[in-house]
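Visitor: got a predicted structure plus its sequence, pasted below:
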Amino acid sequence: MKKMRIVVKIGSSSLTNNKGEMDEVKFNDHVKAIAALKKVGHEVLLVSSGAVAAGFSKLGYPARPVTLKGKQAAAAVGQSLLIQSYMKKLNPYGIIPAQILLTRNDFSKKERYRNAYSTIMELLARGVLPIINENDTVSVEELTFGDNDMLSALVSGLVHAEQLIILTDINGLYDSNPRENPLAKRLNQLHEITDELLVAAEGTGSKVGTGGMKSKLIAAKTALSLGVRVFIGTGEGEQKLLKILDKGGDGTYIENKLLTTVTNQKQWISLHSTVSGQLLIDHGAELALLSKGSSLLPAGIYDIKGTFNKGDVVEVIGKNGLLGKGEVLFSSEELKGLMGKRSDELALSSIEVIHRDKWVRI
Ligand SMILES: Nc1ncnc2c1ncn2[C@@H]1O[C@H](COP(=O)(O)OP(=O)(O)O)[C@@H](O)[C@H]1O
Ligand SMILES: N[C@@H](CCC(=O)OP(=O)(O)O)C(=O)O
């Protein structure tokens, strides 16, 4: 059997009930299944929701709070309850959990992104189970990952996981919401996430979850783009995760033969970096970047917008608009003196403005 790196994401509805209490039966079931995966040698990372859902009733809220401060307060209480419960239940299996709470800032700053990667790798190398959640208590609404479905996709990309398993309260994606349409049909296999599918997945989810099926599909699309296969569904019992890996899971499999992993450098540029400016390039440079896979040279740049430093990320604009993003090897000031000049006119040892390894097409 091939040993794999697997990210398992568990939604609030699969850990708690509507009253804001942890569901011990569901919880035990997940822990057993994770232990079974690890026992056969797979590396597992868990992205666990449920902090708000597990904490709100303890604070006297009758239902999942809607205000930011309410959610943040509930998450502060619920997160400790969650981890306490994981620790207690994982202990008999000899599994050590590690709590990792992330904010989007941890990914948008390159140093922090690299650091998150090496810490997670160290934990995996030592057989520890990382349990990841968004750091809800300090996240500001405009600066969140969106939801944990997206967080799980980004984590899968970061660690180059082979498989992302999104466990939820429904056995996969249907062609319309089965809670509203009893004739809805399940889609067992998908090779890509189309706009049509996103429309079919509109609509609300459970009382404790966020985002519903649509957010899972958007996350699946991101995971696929990073070379990670996805399963969305449910299951029961110790063998449920192993069954999912054996293609016998109760849900929707999303994968295709073209999946390729993306370097962390490119993931960071395309998904996490902040853009500091723009380079406008001519037709020849556009061809070189898009068709020949070449690096961007000064000769093809005819205008520069914004002020940026060496190492910043900029957008590259062609005749018909945005082409991609890349990390620049010169500041905007330096580039003003270089742009439009042929390589033989420049007395520089290296004249690449964006190296092809630090360039991503949009
Ligand atoms: N086309 C669809 N197929 C399946 N489920 C759907 C669809 N459209 C909406 N849903 C809803 O999405 C819910 C799962 O999302 P959510 O409650 O956010 O789960 P979680 O807490 O696991 O993240 C399902 O219970 C279902 O009501
Ligand atoms: N970080 C939040 C969960 C956010 C979220 O995406 O929830 P869900 O849709 O249940 O996966 C929490 O722990 O309550």
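Guide: Perfect, I can see it now. Ligands and ions are numbered 1, 2, ... in the order given.
Visitor: hmm, the lowest-mean-pLDDT helix or strand in the chain touching ligand 1?
Guide: Of all helical and strand segments in the chain, the minimum by mean pLDDT, DSSP states H and E falls on helix 195-200, at a mean of 88. Yes - Helix 195-200 lies in contact with ligand 1 when judged by CB under 6 Å from any ligand atom; the contacting residues are residue 200. C-beta here means a position set from N, CA and C on the backbone, and glycine is covered the same way.
Visitor: can you give me the strands in the stretch 201-350 of the chain?
Guide: Taking DSSP state E, counting those that start in this stretch, the strands of the stretch 201-350 of the chain run over residues 229-234, 250-254, 275-281, 301-305, 313-318, 321-328.
Visitor: and for the nearest residue in space to residue 262 that is not next to it in sequence, the neighbour number?
Guide: Take residue 262 and drop its neighbours on the chain: the residue closest to it by CB to CB, 6 or more residues apart in numbering is residue 226, 5.1 Å away. Close neighbours of residue 226, defined as other CB atoms under 10 Å, add up to 23.
Visitor: returning to that earlier point: switch the strands of the stretch 201-350 of the chain over to TSV; also include mean neighbour count and mean pLDDT.
Guide: What follows is the strands of the stretch 201-350 of the chain, written out as TSV (neighbours: other CB atoms under 10 Å; pLDDT from 0 to 100):
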stretch	mean neighbour count	mean pLDDT
strand 229-234	24	97
strand 250-254	22	98
strand 275-281	19	97
strand 301-305	16	96
strand 313-318	21	97
strand 321-328	20	97
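Visitor: can you list the domains in the chain?
Guide: In the domain annotation for the chain, the residue ranges read 5-263, 274-361 (automatic domain parsing).
Visitor: so who does the residue nearest to residue 262 touch?
Guide: Residue 226 makes contacts with 153, 156, 157, 261, 262, 267, as judged by CB atoms under 8 Å, 6 or more residues apart in numbering.
Visitor: for residue 355, same thing?
Guide: Taking CB under 8 Å, 6+ apart, we find residue 355 in contact with 295, 326, 327, 329.
Visitor: spatially, which two of these are the most separated?
Guide: By the measure CB to CB, the contacts of residue 355 have their two most distant members at 295 and 327, which lie 11.2 Å apart.
Visitor: identify the contacts common to those two.
Guide: Common contacts of residue 295 and residue 327, defined by CB under 8 Å, 6+ apart, comprise 354, 355, 359.
Visitor: so which of these belong to strands?
Guide: When the shared contacts of residue 295 and residue 327 are checked against strands using DSSP state E, the ones located there are 354, 355, 359.
Visitor: that older thread, tell me the most buried of the domains of the chain?
Guide: Of all the domains of the chain, domain 5-263 has the most neighbours on average by mean count of other CB atoms under 10 Å, namely a mean of 19.
Visitor: tell me how far the ends of that one are from each other?
Guide: The distance separating the two terminal residues of domain 5-263, taken as CA to CA, to the nearest Å, comes to 16 Å.
Visitor: stretch 49-67 now?
Guide: Across its full length, stretch 49-67 reaches 18 Å end to end, with CA to CA as the criterion.
Visitor: and what of stretch 321-336?
Guide: 21 Å.
Visitor: which residues are contacting that stretch?
Guide: Applying CB under 8 Å, 6+ apart, the external contacts of stretch 321-336 come out as 269-270, 273, 275, 277, 279, 281, 286, 289-290, 296, 298, 301, 304, 306-317, 338, 350, 352-355, 358-362.
Visitor: can you check stretch 16-28 too?
Guide: When contacts are taken as CB under 8 Å, 6+ apart, the neighbours of stretch 16-28 outside the stretch itself are 14-15, 50, 53-58, 61, 63-64, 81-82, 85, 89, 206-208.
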